[in-house]
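Novice: The amino acid sequence is not available; the structure is as follows:
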């Protein structure tokens with residue numbers, strides 16, 4: 001769930017929810033498209049493309065203003081990440097996609113990826 005208008009130079013809250021897995025670790029990431037996705041060895045697909053935005057959002061989230069994208073869900077199975085959208089006017093009109101996975105460290109790969117969220121499309125406003 002997205003709270004707030006995704007305006008360049010403003011912040012939005014991204015509610016991450018997986019009530020069946022409270023306390024599980026999660027990773028949230030963004031990409032510029034979701035056409036091919038990331039295929040896991042067990043046939044499941046993370047519906048984000050492995051592009052430059054995905055890499056930066058996963059490995060260096062603070063560089064692009066993402067906060068709390070790698071943490072644990074609370075006892076209700078929720079968490080709130082924020083995105084301080086960079087104040088770059090040229091970003092207006094771009095579409096980005098955000099999603100998250102939960103991890104179960106007691107299981108081996110590829111079952112380490114426990115759940116895969118649906119992807120939210122965000123169109124950046126001026």
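Specialist: Structure received. Predicted model only: the values in this text are computed from it and were never measured.

Novice: Okay, now the sheet partners of the longest strand seen in the chain, with direction.
Specialist: Longest strand in the chain, counting residues (DSSP state E): strand 95-103. Within its sheet, strand 95-103 is paired with strand 25-31 (antiparallel), strand 113-116 (antiparallel), strand 120-123 (antiparallel), according to DSSP bridges.

Novice: could you dump those strands to JSON lines with mean neighbour count?
Specialist: Quick note: C-beta positions are derived from backbone N, CA and C, even for glycine. Putting the strands paired with strand 95-103 into JSON lines (neighbours: other C-beta atoms under 10 Å) gives the following:
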{"stretch": "strand 25-31", "mean neighbour count": "22"}
{"stretch": "strand 113-116", "mean neighbour count": "18"}
{"stretch": "strand 120-123", "mean neighbour count": "13"}
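
Novice: Any figure for the gap between residue 92 and residue 13?
Specialist: Distance, residue 92 to residue 13, by C-beta to C-beta, to the nearest Å: 20 Å.

Novice: what's in contact with stretch 102-117?
Specialist: Stretch 102-117 is contacted from outside by 16, 18, 20-21, 24-27, 40-42, 44-47, 73, 99-101, using C-beta atoms under 8 Å, 6 or more residues apart in numbering.

Novice: Can you go through the residues you listed and name the buried ones?
Specialist: With burial judged by 16 or more other C-beta atoms under 10 Å, the buried subset of the contacts of stretch 102-117 is 16, 18, 24-27, 40, 46-47, 73, 99-101.

Novice: Using a markdown table, lay out those residues together with pLDDT.
Specialist: Below are these laid out as a markdown table (pLDDT from 0 to 100):
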| residue | pLDDT |
| --- | --- |
| 16 | 96 |
| 18 | 96 |
| 24 | 95 |
| 25 | 95 |
| 26 | 97 |
| 27 | 96 |
| 40 | 90 |
| 46 | 95 |
| 47 | 96 |
| 73 | 97 |
| 99 | 96 |
| 100 | 97 |
| 101 | 96 |
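
Novice: Closest to residue 124 out of those?
Specialist: Among the buried ones among the contacts of stretch 102-117, residue 99 lies closest to residue 124 (C-beta to C-beta), at 17.1 Å.

Novice: Fine, thanks again, bye for now.
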